[in-house]
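In: turn this into a model:
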Amino acid sequence: MAVGVDIEDISRFKDKSEEFIDRIFTDLEQEYCCKFSKPESHFAARFCAKEAVIKALTALNITGVQFNEIEVFHNENKCPQIRILKKLDKNINFQLSLSHDRSKAIAFVTAEEQ
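Out: Numbering: from 1, shown residues only. Modelled structure (predicted):
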């Protein structure tokens, strides 16, 4: 099993360019974040999740996954989940925890080969 964690200042995600948003976040993530009055909090948390996933994958010797190939979505219980949008050589099970307050967002990820 491998872990990854990331923390970011939410202010970094306020008024980001459309080009940046499109390069980092999937359409599903953009739709989710933009329905809130402060989308930057949700973009920051998802960015943290993507960074944490890359760290965990790197610990499992899996490289080359881009930000927009990692998608954060919610399952039927409204729990955040990770989906990799490219074919990996290994089957990986992820667990994700997200949190944010007024100024910081954080994500913690575990990744385990199945």
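In: neighbours of the residue lying closest to residue 5 once chain neighbours are set aside, how many?
Out: Spatial nearest neighbour of residue 5, chain neighbours left out: residue 108 (5.0 Å); criterion: C-beta to C-beta, 6 or more residues apart in numbering. Quick note: C-beta positions are derived from backbone N, CA and C, even for glycine. Residue 108 has 18 neighbouring residues, counting by other C-beta atoms under 10 Å.
In: now the one helix or strand residue 108 maps to: buried residues?
Out: According to DSSP states H and E, residue 108 maps onto strand 104-113. For strand 104-113, burial by neighbour count (16 or more other C-beta atoms under 10 Å) applies to 104, 105, 106, 107, 108, 109, 111.
In: now render the residues you listed as a markdown table, adding pLDDT and distance to residue 97.
Out: Shown next, in a markdown table, are the buried residues of strand 104-113 (pLDDT from 0 to 100; distance: C-beta to C-beta, whole Å):
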| residue | pLDDT | distance to residue 97 |
| --- | --- | --- |
| 104 | 98 | 14 |
| 105 | 98 | 12 |
| 106 | 98 | 8 |
| 107 | 98 | 7 |
| 108 | 98 | 5 |
| 109 | 98 | 8 |
| 111 | 98 | 13 |
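In: go through the residues you listed and name the one nearest residue 21.
Out: In terms of C-beta to C-beta, no member of the buried residues of strand 104-113 lies closer to residue 21 than residue 105, at 15.5 Å.
In: so what sits opposite that closest one in the bridge?
Out: For residue 105, the beta-bridge partners under DSSP bridges are residue 8, residue 100.
In: what is the neighbour count of the closest residue to residue 103 other than its chain neighbours?
Out: Closest residue in space to residue 103, ignoring its immediate chain neighbours: residue 10 at 5.8 Å, by C-beta to C-beta, 6+ apart. Around residue 10 there are 20 other residues, counting by other C-beta under 10 Å.
In: could you pull out the buried residues of the helix or strand residue 32 falls within?
Out: Using DSSP H and E, residue 32 maps to helix 27-34. For helix 27-34, burial by neighbour count (16+ other C-beta under 10 Å) applies to 29, 30, 32, 33.
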